[in-house]
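>>> No letters, just coordinates:
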């Protein structure tokens, strides 16, 4: 009996889609509760990462790094993103400099950042919803 060491792209897509939606819901809930912008932004950022990895998994294309620019580079190879959405997602790396050992920083999210991350999540959720009407490519 053979065991898979890694999950299939289909399982990864399903798992990460559910994770993305869960983090997205939590970010919205925190916003409705007037929680701190940092909390809303950080939870929403996890949702964005999960949404992007799920989109990549749907098409069987995975990023080597999980900073937002790398995720977008890979996602844009398989999905047509509106330019403004792409720009907003890539700009998240300006707050999270966590993938750089030489220039590590973590900015302090503002109210505008918190609202922006929820908008990004809504756009990515709609992209996943659009995929749901199609069959998985595997």
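Sure, I can see it. What you are looking at is a predicted structure, and each value in this text was computed from that prediction instead of being measured.
>>> And the pLDDT for the nearest residue to residue 110 once chain neighbours are set aside?
The shortest distance from residue 110 to any non-neighbouring residue, by C-beta to C-beta, 6 or more residues apart in numbering, is to residue 37 (5.7 Å). For the C-beta atoms, the positions are set from N, CA and C on the backbone; glycine is no exception. pLDDT for residue 37: 95.
>>> doesn't residue 109 make contact with residue 37?
Yes - shown here, residue 37 and residue 109 form a contact pair, counting by C-beta atoms under 8 Å, at 4.8 Å.
>>> So which of the two has more stuff around it?
residue 109 (22 against 19; other C-beta atoms under 10 Å).
>>> The more buried one contacts residue 41, correct?
Yes - if you go by C-beta under 8 Å, residue 109 and residue 41 touch, sitting 3.6 Å apart.
>>> Tell me which helix or strand in this structure has the weakest average pLDDT.
Least confident element among the helices and strands of the chain, by mean pLDDT, DSSP states H and E: helix 92-95 (a mean of 85).
>>> List the buried residues of that helix.
Within helix 92-95, the residues scored as buried using 16 or more other C-beta atoms under 10 Å are 92, 93, 95.
>>> Could you measure from the first one over to residue 27?
Per C-beta to C-beta, to the nearest Å, residue 92 is found 13 Å from residue 27.
>>> Pull the residues that contact stretch 45-63.
The contact list for stretch 45-63 (C-beta atoms under 8 Å, 6 or more residues apart in numbering) reads 9-10, 12-13, 16-17, 19-24, 26-27, 66, 68, 70-75, 77-79, 89, 92, 96, 117, 120-121, 124-125, 127-128, 131, 136-138.
>>> where's the strand or helix carrying residue 130 relative to the chain centroid, distance-wise?
Assessed by DSSP states H and E, residue 130 sits inside helix 111-132. Computed by C-alpha atoms, centre = their mean, to the nearest Å, the chain-centroid distance of helix 111-132 equals 9 Å.
>>> any low-confidence regions in this protein?
Residues of the chain meeting the criterion pLDDT under 70: 1-5, 96-106, 133-138.
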